[in-house]
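K.L.:
Take a look and give me a structure for this.
(2 chains)
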There are 2 protein chains.
Amino acid sequence: MKRVGVLGGGQLGRMLALAGYPLGLRFRFLEPAAGSPVSGLGEVVTAAYDDLDAAVRFADGLDVVTYEFENVPVRSAQALAERIPVRPPPGALQVAQDRVLEKQAFEGLGIPTAPYMPVGDRDDLESAVARIGLPAVLKTRRLGYDGKGQVVLRAPAELEGAWARLGGKPLILERFVDFTRELSLVGARGTKGETAFYPLVENEHTDGILRLTVAPAPLVSDALQARAEEQMRALMESLDYVGVMALEFFQQGDELLANELAPRVHNSGHWTLNGAACSQFENHLRAICGFPLGATEALGHSAMVNLIGRLPALGRVLGLEGVHLHLYDKSPRKGRKVGHVNLTGRDPADVRARIERLEALLEEGGRGEG
Amino acid sequence: MKRVGVLGGGQLGRMLALAGYPLGLRFRFLEPAAGSPVSGLGEVVTAAYDDLDAAVRFADGLDVVTYEFENVPVRSAQALAERIPVRPPPGALQVAQDRVLEKQAFEGLGIPTAPYMPVGDRDDLESAVARIGLPAVLKTRRLGYDGKGQVVLRAPAELEGAWARLGGKPLILERFVDFTRELSLVGARGTKGETAFYPLVENEHTDGILRLTVAPAPLVSDALQARAEEQMRALMESLDYVGVMALEFFQQGDELLANELAPRVHNSGHWTLNGAACSQFENHLRAICGFPLGATEALGHSAMVNLIGRLPALGRVLGLEGVHLHLYDKSPRKGRKVGHVNLTGRDPADVRARIERLEALLEEGGRGEG
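P.N.:
Now for the predicted structure:
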């Protein structure tokens, strides 16, 4: 019996626990908020992430610690790593938390990424715009998620407003990529260095929040898949990585530009709960516990639709064909992910028809029965 | 958010909870033993099943009550049913708990079953043997499971010993069925009377304990499947049933003889966790919560192998292809089910090869790493 500690008690922690019980694992969570999505699914230590005393209590008796939230303070992860294996390693957390370190990691391994410049003050912003050109995207280096903490700059006149909004924090200016589509890769690396990768998937966002993933992504050549895998493998090796990682790419024609890495299970991998033999959650746990990795092929065609801001009429959703419901036990609030629906189908057209039926139902309005 | 109460906290309760969290359900268990397989997966009220005060505390605030253990006292289920929906209804529990009532239910609906006679005393046994003939099986009417509480009688000289072992309890004598194989059907009935059935599966027992299920069962005609479904549908309607039911059959040539019904999710339905779009656990919860039933077709070919008496080397099991591990967090003990492995494959031969590789590994011995 392995005891797994998870930093964070959101939906990712919830789905890790649900995947881990069948493997005989037990869970303890460190989570600042009461009444989180992991309530009822294990022990919960309610404390701030930077409360080192609480972290020590949390770690007592655990076999391995992982995280489901990438903004856990690196210092807390490092303090835990002195006592107990922390996987993925705190160094991966550090790189993922800072967009400049992340871009430097890509560059250092020859992984193509959009041109960028760190921006510390107003003068830096001018020179970065002069060098990168417009349109560009000004982002906070840290703590951005779901499109928060970023502004698109299309004309010099917009610099002032953007600076007023974001200035004062460490920033990064990136060239705006007019991409064909966003793809992402989810993969795992085990304790013996072995790797396994799911097929590339295609993601669609609305208001900066992932709304839809189609898996596998249509029209992906073997060469493109292999290139994405090579890049992730290189990143994993350089970070001595253990666990699941996600890497978002912009595709422009035949080119891939790495955009962002997540050192954890990822929303664009949720389809694997019903569309692959071994889900990203099970593979993350297999990896951090030193077990062999599970099969990552897509079992057929599937999609993931996020439930954002409100719960649909559950009875009606469950009445649709090919539907797999995954709720997070979160109270609905604007822009908040409260669950997702995985859709499986015979072929891409069948999946597309199911996405449309589901989206029509979601648009009809709030929660009815159930 | 629906709150589901479960009478019993064994592996079936554990798998119900794991299937129910994604539907947004929460769980409370009534379980006499401490440290059961549902520990950590919801609230647990630790009390005897016949403690009516505890049952009232248990029921407080729940939306629906179900059971995962069929020997819950009918009186407790009835007392709960006065306060809250109990699904399946206590009447189904009553029939399933008594082999004579069960056979009468089969007979009343024209469902073929082996000839039988109730046996109250030693004289009844003589006259039952005279009428039914030998070989026959003498069983306790109540509380038998996994082959416990039964003796096969092959010669008149064996009556004395069988009576010494089982006499004093209400018994039943059944004609010994020299069956070709054992099949079972798992199906669900919803609150609106709608039904859904998984394909018939083939079961193999060792020492009276289910060891292997192959799904779907090979060589099942549409007519045989339809007949089994009709019989279960008739039983469900007569009992005003809501939830998942399992029905075990002996197959003799082209004939089906109903042997036993289980008013709950069943070991021979565990393959559905990885071999069907919607598992028996999810379908049971959909049914008792009034949601539409989920898809019951087999997604391909699969099998379920019980882990009995000891845990295998987890790292080695997880290294096999097509393996899905389901552990119950029970300490190993002779004859005790501590988990199961589902195996999925391309075709029946592939599944058979995987069963053989797994069984070879299980025979090699106890737990190694992990």
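K.L.:
In contact with the most centrally placed residue in chain A, which residues?
P.N.:
Ranked by distance to the mean C-alpha position of chain A (CA atoms, centre = their mean), the top residue is A:His266 at 3.0 Å. Taking CB atoms under 8 Å, 6 or more residues apart in numbering or on different chains, we find A:His266 in contact with A:184, A:186, A:244, A:246, A:280. The way it works is simple: take the backbone N, C-alpha and C, and place the C-beta from them, glycine included.
K.L.:
Count the residues that sit near the fourth one.
P.N.:
Going back to what we said before, that points to A:Ala246. 23 (other CB atoms under 10 Å in any protein chain shown).
K.L.:
now the closest residue to it other than its chain neighbours: how far from A:Gln280?
P.N.:
Excluding the flanking residues, the one nearest A:Ala246 by CB to CB, 6 or more residues apart in numbering or on different chains is A:His266, at 3.3 Å. In this structure, A:His266 and A:Gln280 are 7 Å apart, going by CB to CB, to the nearest Å.
K.L.:
Now the common contact residues for these two.
P.N.:
With contacts taken as CB under 8 Å, 6+ apart, A:His266 and A:Gln280 have A:186, A:244 as neighbours in common.
K.L.:
So which of the contacts of A:His266 wins on neighbours?
P.N.:
When these are compared by neighbour count (other CB under 10 Å), A:Val244 ends up highest, at 32 neighbours.
K.L.:
Identify the bridge partners of it.
P.N.:
Applying DSSP bridges to A:Val244 gives these bridge partners: A:Ala188.
K.L.:
Quick one: distance of the helix or strand that contains A:Glu174 to the chain centre.
P.N.:
Here A:Glu174, judged by DSSP states H and E, is contained in strand A:171-175. Shown here is strand A:171-175, whose average C-alpha point lies 21 Å from the average C-alpha point of the whole chain (CA atoms, centre = their mean, to the nearest Å).
K.L.:
and what of stretch A:105-116?
P.N.:
Between the mean C-alpha position of stretch A:105-116 and that of its chain there is a distance of 19 Å (CA atoms, centre = their mean).
K.L.:
From start to finish, how long is it in a straight line?
P.N.:
Using CA to CA, to the nearest Å, the end-to-end distance of stretch A:105-116 comes to 13 Å.
K.L.:
And the contacts of it?
P.N.:
Under the contact criterion CB under 8 Å, 6+ apart, stretch A:105-116 has outside partners A:95, A:99-100, A:103, A:131-132, A:172-177, A:231, A:234-235, A:238-239, A:250, A:255-259, A:261.
K.L.:
could you pull out the helices for the stretch 201-350 of chain A?
P.N.:
Listed in chain order, the helices found in the stretch 201-350 of chain A under DSSP state H, counting those that start in this stretch are A:222-239, A:272-275, A:280-288, A:314-318, A:348-364.
K.L.:
Now tabulate those in CSV and tack on mean pLDDT and distance to chain B.
P.N.:
Formatted as CSV, the helices of the stretch 201-350 of chain A follow (pLDDT from 0 to 100; distance: least, CB to the nearest CB, whole Å):
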stretch, mean pLDDT, distance to chain B
helix A:222-239, 98, 20
helix A:272-275, 98, 8
helix A:280-288, 98, 6
helix A:314-318, 96, 5
helix A:348-364, 96, 12
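K.L.:
Could you report the pLDDT at A:Gly149?
P.N.:
Reading off the confidence values, A:Gly149 has pLDDT 84.
K.L.:
Does it touch A:Lys139 like I think?
P.N.:
Yes. Contact criterion CB atoms under 8 Å: A:Gly149 and A:Lys139 qualify, at 6.1 Å.
K.L.:
related to what we said a few turns ago, note down every partner strand of the strand holding A:Glu174 and its orientation.
P.N.:
Taking DSSP bridges as the criterion, strand A:171-175 forms sheet pairs with strand A:116-119 (antiparallel), strand A:136-140 (antiparallel).
K.L.:
C-alpha coordinates for whichever strand or helix holds A:Val56, CSV please?
P.N.:
Assessed by DSSP H and E, A:Val56 sits inside helix A:52-59. These are the backbone C-alpha positions of helix A:52-59, laid out as CSV (Å, rounded to 0.1, in the frame of the first residue of the first chain):
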residue,chain,number,x,y,z
LEU,A,52,6.1,24.7,6.3
ASP,A,53,4.9,23.3,9.6
ALA,A,54,1.7,22.1,8.0
ALA,A,55,3.8,20.6,5.1
VAL,A,56,5.8,18.6,7.6
ARG,A,57,2.6,17.3,9.2
PHE,A,58,1.2,16.6,5.8
ALA,A,59,4.3,14.6,4.8
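K.L.:
buried stuff in it?
P.N.:
Along helix A:52-59, the positions that meet the burial threshold by neighbour count (16 or more other CB atoms under 10 Å in any protein chain shown) are A:54-55, A:58-59.
K.L.:
before we move on, what about stretch A:115-127?
P.N.:
Residues of stretch A:115-127 classed as buried under the neighbour-count rule (16+ other CB under 10 Å) are A:116-119, A:125.
K.L.:
Which pair in these has the greatest spatial separation?
P.N.:
In the buried residues of stretch A:115-127, two members sit farther apart than any others by CB to CB. They are A:Tyr116 and A:Leu125, at 12.8 Å.
K.L.:
quick one: common contacting residues for these two?
P.N.:
Contact with both A:Tyr116 and A:Leu125 is made by residues A:Leu173, according to CB under 8 Å, 6+ apart.
K.L.:
quick one: the residue of chain A most remote from its centre from chain B, how far?
P.N.:
Among the C-alpha atoms of chain A, the one farthest from their average position, using CA atoms, centre = their mean, is that of A:Ala157, at 33.7 Å. According to CB to the nearest CB, to the nearest Å, A:Ala157 and chain B sit 48 Å apart.
K.L.:
Quick check: that residue is in a helix.
P.N.:
Yes. Residue state for A:Ala157 (DSSP: H, G, I helix; E, B strand; the rest coil) corresponds to a helix.
K.L.:
pLDDT wise, what is the residue nearest to the centre of chain A at?
P.N.:
According to the model's per-residue confidence, A:His266 sits at a pLDDT of 98.
K.L.:
measure it to chain B for me?
P.N.:
From A:His266 over to chain B (counting by CB to the nearest CB), the distance is 18 Å.
K.L.:
any idea how far stretch A:82-93 is from the chain center?
P.N.:
Stretch A:82-93 has its average C-alpha position 18 Å from the chain's average C-alpha position, going by CA atoms, centre = their mean.
K.L.:
My error: substitute stretch A:74-87 in the last question.
P.N.:
The chain centre lies 21 Å from the centre of stretch A:74-87; the measure is CA atoms, centre = their mean.
K.L.:
Just the residues contacting it, thanks.
P.N.:
Outside stretch A:74-87, the residues that reach it (CB under 8 Å, 6+ apart) are A:5, A:7, A:49-50, A:52, A:55-56, A:58-59, A:62-67, A:89-90, A:93-94, A:97, A:242-243, A:287-288.
K.L.:
Now do that stretch: distance from first to last residue.
P.N.:
Across its full length, stretch A:74-87 reaches 13 Å between end residues, using CA to CA.
K.L.:
Please state the mean pLDDT value computed over that stretch.
P.N.:
Along stretch A:74-87, the predicted confidence averages to a pLDDT of 96.
K.L.:
does A:Glu15 really touch A:Leu273, like I thought?
P.N.:
Glu isn't right for residue A:15; it's Met. Yes. The pair A:Met15 and A:Leu273 qualifies as a contact (CB under 8 Å) at a distance of 7.2 Å.
K.L.:
and A:Leu183, that one's in a helix?
P.N.:
No. Counting by three-state DSSP, one finds A:Leu183 to be strand, located in no helix.
K.L.:
Show me the shaky parts of the stretch 151-300 of chain A.
P.N.:
In the predicted model, the stretch 151-300 of chain A carries no residue with pLDDT under 70.
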